[in-house]
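Q: Predicted model, plus sequence, below.
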Amino acid sequence: MDTLLSIIIALSFGGAATLAIWLLVEAADAVLRKKRTEGEDDGFGGGFGY
């Protein structure tokens, strides 16, 4: 029973670590995507911020 409990705990921590890494990657991707689209010209060129 102790072995089963330790396996469940290890899998839980492994899943939590995987989720944390995935969230970091998604956040970094969102930041990079925002930086990449900020510099794009929308074709209007008026500078009104629309």
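A: It's in. None of these values were measured; they are calculated from a predicted model.

Q: mind listing the helices for this protein?
A: Listed from the start of the chain, the chain has helices (DSSP state H) covering 2-38.

Q: for it, what are the low-confidence residue spans?
A: For the chain, applying pLDDT under 70 flags the ranges 39-50.

Q: What distance do you get for the residue positioned nearest the centre of the chain to residue 34?
A: Relative to the mean C-alpha position of the chain, the nearest C-alpha, by Cα atoms, centre = their mean, is the one of residue 26, at 1.7 Å. Relative to residue 34, residue 26 is positioned 13 Å away (criterion: Cβ to Cβ, to the nearest Å). For glycine as for every other residue, the C-beta is placed from the backbone atoms N, C-alpha and C.

Q: ok, now residue 1?
A: 50 Å.

Q: Those two: who's more crowded?
A: Relative neighbour count places residue 34 above the other of residue 1 and residue 34, with 9 against 5, counting by other Cβ atoms under 10 Å.

Q: What's the local residue count around residue 8?
A: Here the number of neighbours of residue 8 (other Cβ under 10 Å) works out to 10.

Q: before we move on, what about residue 2?
A: Other residues within reach of residue 2, judged by other Cβ under 10 Å, total 6.

Q: gap between it and residue 22?
A: 30 Å.

Q: do residue 11 as well
A: Noted for residue 11: a distance of 16 Å to residue 22, by Cβ to Cβ.

Q: ok, the most far-flung residue of the chain relative to its centre to residue 25 distance?
A: In the chain, the residue that sits farthest from the middle, by Cα atoms, centre = their mean, is residue 1; the gap is 36.5 Å. Distance of residue 1 to residue 25, given as Cβ to Cβ: 37 Å.
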